[in-house]
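Q: no FASTA, just this:
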């Protein structure tokens, strides 16, 4: 089953029309989704520095498990080393298998995410799935809005949730740091940071 | 330079298949993304879209946690030790005509030696109050790499003509 | 072909709806990524989307969402004249905050199917906000050639930035 690709027919750009030749120049076959950093998570988590400002959005994919002697735990995320001021908040939508709920964190020092991540007391080999979208991360006039999606089914327990987060800073994000709330990340935990480009430049 | 997100294969239902399967999935990517635009011949407004991996029909290897809205109510439920996972939602024969659902399933690290977890987001619209939206967490308790994905309601109801299923590979590492 | 940026509209400051026109028909699916905020102090406030300039009552939308305290599922509009509505901060909300929205439209160029959009969307104002899964349908089998975006109340542009992407398809097809 070999993939077959071809460049499609292209049009012209005037105002809102689309100029495919110029839009594609510089992309080649690479596309708008591009790799920045990736790999196995260290036990301490991730600390991605020097995030280039050349993308429009960031897209982060993680699979997480904690070594803590708990059934589940969460993770924390913060930007540009800001982990002590009360600049983070979130609104959540969550299902736990028996009820749907919504909650809020206000004036936190980090952004909580990946709720329901299995710990050492959960069935082995299970990892949560997390996707994080940070739109307009390099803009210097807006606070940073984050959409976070977590799926953590543990066969008899677990959660699924969608979270809107906020970092009240107009600084461009150039550093992402994350770690487990309880314990460390277990072997097999992974991360991949992608940039979403909005131009061919 | 390699594509990060590569189209692998697309299937378009012809109206005669109740299950759509992607076999022999290349093992060269890091994650898989499957998007589905579906309508079922089942006599209902909407159906649950189930996922089975590697043809594993074991009655106990799948589980899921769901949050869903119906257009008027919201709830969360769970399925444990199943023979397929309730991952999405689909329009069916009693929904507004010509209406097809919109689902995305994201499988990270599909070749890893861990159990396989994936995200499912799905909506099935309808010109009425009742229409489902679902956010699911899914689990296949098997350490094998995913080599095939099967989608359907597992109730024998064929997918309507023009239902589409597009599989993408996302590569995290490499040139 | 994979994920290709098509066009961007930025820093709209009034002057009516903003529209992506002459959308190429060569992709399989579309994705819209948006930071949105109302120009006006309207609460609640929504961004809405319209296809091909159709102002007839040919759309539906539904959602399941949380407000930080409770969860609701609703059918926002039946026979509406806009396809999808997602929440946004009003102009008098906490400064510098914009909502985040990602909308996926599958098979947008189909001429046999109505068009269903799926969106994850939300904003947080450090004490209020919404997050949810939203759906919308345009009951028309025409291919989508334009997408208009604006404020639900003022028929005016609202957002800071919106980007339109085309998602590719493998040339191999068949069940």
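A: Structure's in. What do you need? The structure presented is a predicted model; accordingly, all values stated were derived computationally and were not measured. Numbering: from 1, shown residues only, chains lettered A, B, ... in the order given.

Q: can you pull the contacts of residue A:166?
A: Residues near residue A:166 by C-beta atoms under 8 Å, 6 or more residues apart in numbering or on different chains: A:88-90, A:143-146, C:97, C:123-126, C:129. To be clear about C-beta, it is placed using only N, CA and C from the backbone, and glycine gets the same treatment.

Q: ok, 7 Å please
A: A:88-90, A:143, A:145, C:97, C:124, C:126 (C-beta atoms under 7 Å, 6 or more residues apart in numbering or on different chains).

Q: residue ranges with poor pLDDT in chain C?
A: Applying pLDDT under 70 to chain C flags the ranges C:1, C:11-15, C:152-159, C:169-175.

Q: mind checking how far the residue nearest in space to the middle of it is from chain A?
A: Closest to where the C-alpha atoms of chain C average out (C-alpha atoms, centre = their mean) is residue C:49, at 4.8 Å. Applying C-beta to the nearest C-beta, to the nearest Å, the value for residue C:49 to chain A is 15 Å.

Q: what helix or strand does that residue sit in?
A: strand C:46-51 (DSSP states H and E).

Q: beta partners of residue 72?
A: By default, I'm working from chain A. Taking DSSP bridges, one obtains residue A:118 as the residues bridged to residue A:72.

Q: Hmm, no, I was thinking of chain C.
A: With DSSP bridges as the criterion, residue C:72 is bridged to residue C:65.

Q: Could you report the neighbour count for it?
A: Using other C-beta atoms under 10 Å in any protein chain shown, residue C:72 has 17 other residues around it.

Q: Hmm, it is touching residue C:62, no?
A: No: taking contacts as C-beta atoms under 7 Å, residue C:72 lies outside contact range of residue C:62: 11.1 Å.

Q: any shared contact partners between the two?
A: By C-beta under 7 Å, 6+ apart, no residue touches both residue C:72 and residue C:62.

Q: Quickly note the distance from the residue nearest to residue B:72 when sequence neighbours are not counted to residue C:73.
A: With C-beta to C-beta, 6 or more residues apart in numbering or on different chains as the criterion, residue B:72 has its nearest non-adjacent residue at 5.6 Å, and that residue is residue B:129. According to C-beta to C-beta, to the nearest Å, residue B:129 and residue C:73 sit 10 Å apart.

Q: who's more crowded, these two?
A: residue C:73 (24 against 14).

Q: for the residue lying closest to the more buried one once chain neighbours are set aside, phi and psi?
A: When the adjacent residues along the chain are set aside, residue C:73 lies closest to residue B:69, with 3.0 Å between them (C-beta to C-beta, 6+ apart). The phi and psi values for residue B:69, taken as degrees, to the nearest 10, are phi -110, psi 150.

Q: what residues are up against residue B:69?
A: Here residue B:69 is in contact with B:132-133, C:62-64, C:73 (C-beta under 7 Å, 6+ apart).

Q: between these, which is nearest chain A?
A: Among the contacts of residue B:69, residue C:64 lies closest to chain A (C-beta to the nearest C-beta), at 7.4 Å.

Q: unless I'm mixing things up, that closest one is touching residue B:134, no?
A: No: using C-beta under 7 Å, residue C:64 is not in contact with residue B:134, being 8.4 Å away.

Q: Overlap of the contact sets of the two?
A: Residues touching both residue C:64 and residue B:134 (C-beta under 7 Å, 6+ apart) are residue B:68.

Q: Please identify the helix or strand for residue A:195.
A: Element membership for residue A:195 (DSSP H and E) is strand A:190-196.

Q: What mean pLDDT does that strand get?
A: The average pLDDT within strand A:190-196 is 94.

Q: burial measure for residue A:102, as a count.
A: 23.

Q: now residue A:47
A: Using other C-beta under 10 Å, residue A:47 is surrounded by 12 other residues.

Q: Secondary structure element for it, which one?
A: Assessed by DSSP H and E, residue A:47 sits inside strand A:46-48.

Q: Could you list the residues in contact with that strand?
A: A:37, A:175-178, A:191, A:193.

Q: Surely the residue nearest to the centre of chain C is in contact with residue C:150?
A: No: between residue C:49 and residue C:150 there is no contact under C-beta under 7 Å: 8.4 Å.

Q: thinking again about what came up before, the contacts of strand A:46-48 in strands, which ones?
A: A:37, A:176-178, A:191, A:193 (DSSP state E).

Q: With neighbour count added, can I get those residues in a markdown table?
A: Shown next, in a markdown table, are the ones in strands among the contacts of strand A:46-48 (neighbours: other C-beta atoms under 10 Å in any protein chain shown):
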| residue | neighbour count |
| --- | --- |
| A:37 | 17 |
| A:176 | 23 |
| A:177 | 19 |
| A:178 | 25 |
| A:191 | 24 |
| A:193 | 21 |
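
Q: when you check chain C, which of the residues you listed turn up near it?
A: Under the cut-off given by C-beta under 7 Å from any C-beta of the partner chain, chain C has nothing from these close to it.

Q: so which of the residues you listed comes closest to residue A:76?
A: residue A:178 (6.6 Å; C-beta to C-beta).

Q: what separates residue C:42 from residue C:63, distance-wise?
A: Taken as C-beta to C-beta, the span from residue C:42 to residue C:63 is 18 Å.

Q: Same question for residue A:137.
A: Between residue A:137 and residue C:63 the distance, using C-beta to C-beta, works out to 26 Å.

Q: Looking at the two, which one has more neighbours?
A: The neighbour comparison of residue A:137 against residue C:63 (other C-beta under 10 Å) goes to residue C:63, with 27 against 24.

Q: How many neighbouring residues does the residue lying closest to that one once chain neighbours are set aside have?
A: Distances taken as C-beta to C-beta, 6+ apart place residue C:134 nearest to residue C:63, at 4.4 Å, with adjacent residues excluded. Counted by other C-beta under 10 Å, the residues lying close to residue C:134 total 26.

Q: my read: residue C:134 touches residue C:60, true?
A: No: at 11.6 Å, residue C:134 does not count as touching residue C:60 under the criterion of C-beta under 7 Å.

Q: Is the helix or strand just after the strand holding residue A:47 positioned near chain B?
A: Sequence order places strand A:57-64 as the next helix or strand after strand A:46-48, per DSSP H and E. Yes: Strand A:57-64 comes into contact with chain B (C-beta under 7 Å from any C-beta), by way of A:61, A:63.

Q: Now render the contacts of residue A:166 as JSON lines, adding distance to residue C:116 and neighbour count.
A: Shown next, in JSON lines, are the contacts of residue A:166 (distance: C-beta to C-beta, whole Å; neighbours: other C-beta atoms under 10 Å in any protein chain shown):
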{"residue": "A:88", "distance to residue C:116": "34", "neighbour count": "28"}
{"residue": "A:89", "distance to residue C:116": "32", "neighbour count": "25"}
{"residue": "A:90", "distance to residue C:116": "28", "neighbour count": "24"}
{"residue": "A:143", "distance to residue C:116": "32", "neighbour count": "22"}
{"residue": "A:145", "distance to residue C:116": "25", "neighbour count": "27"}
{"residue": "C:97", "distance to residue C:116": "29", "neighbour count": "21"}
{"residue": "C:124", "distance to residue C:116": "27", "neighbour count": "33"}
{"residue": "C:126", "distance to residue C:116": "34", "neighbour count": "21"}
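
Q: Sort out which of those are in strands and list them.
A: Secondary structure from DSSP E places A:88-90, A:145, C:124 of the contacts of residue A:166 in strands.
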